[in-house]
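In: What shape does this take:
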Amino acid sequence: MIIYSVTVIIKREVEAEWLNWMNTSHIKDVIATGYFEDYKIQKLLIPEGSQDEITYLINYSAADMDSYQTYVKTEAPRLQKEHSDRFSERFKASRAVYQIID
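Out: Numbering: from 1, shown residues only. The predicted structure follows:
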């Protein structure tokens, strides 16, 4: 199992709008590509961030590296652009990929 992990630091002034959009649109669009089986979204509590930003972590589960790589080539540019266009200048994002070890 592969975990595609996206860390988003979002401005607090748009946090509610961003979280609503993530839950009602963006995450569903990512899952609908068929390359991921599940997701979890987490909000960082400790250590606290700055007064004007909050950190979220979204983990998407893929069956294998091929699924993730196909997603990156075929779907990620479009979906990341939608996110950037909607929340331009109000977020920072980083991405990492992990392998689950039993």
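
In: so when I look at residue 84, I'm seeing a helix, right?
Out: Yes. Membership of residue 84 in a helix is supported by DSSP: H, G, I helix; E, B strand; the rest coil.

In: Show me the helices in this protein, by range?
Out: Counting by DSSP state H, the chain has helices at residues 15-21, 27-32, 65-74, 76-87.

In: chain center to the shortest one, what's the gap?
Out: What that stands for is helix 27-32. Here helix 27-32 is found 10 Å from its chain centre; the criterion is C-alpha atoms, centre = their mean, to the nearest Å.

In: same deal with the first one?
Out: Between the centre of helix 15-21 and the centre of its chain there are 13 Å (C-alpha atoms, centre = their mean).

In: got it, and stretch 1-20?
Out: Distance, centroid of stretch 1-20 to centroid of chain: 6 Å (C-alpha atoms, centre = their mean).

In: Residues contacting that stretch, please?
Out: Residues from elsewhere that reach stretch 1-20 (C-beta atoms under 8 Å, 6 or more residues apart in numbering): 36, 49, 51-65, 67-68, 71, 87, 90-100. Where C-beta positions appear, they are placed from N, C-alpha and C, glycine not excepted.

In: Narrow the residues you listed to those in strands?
Out: 53-62, 91-99 (DSSP state E).
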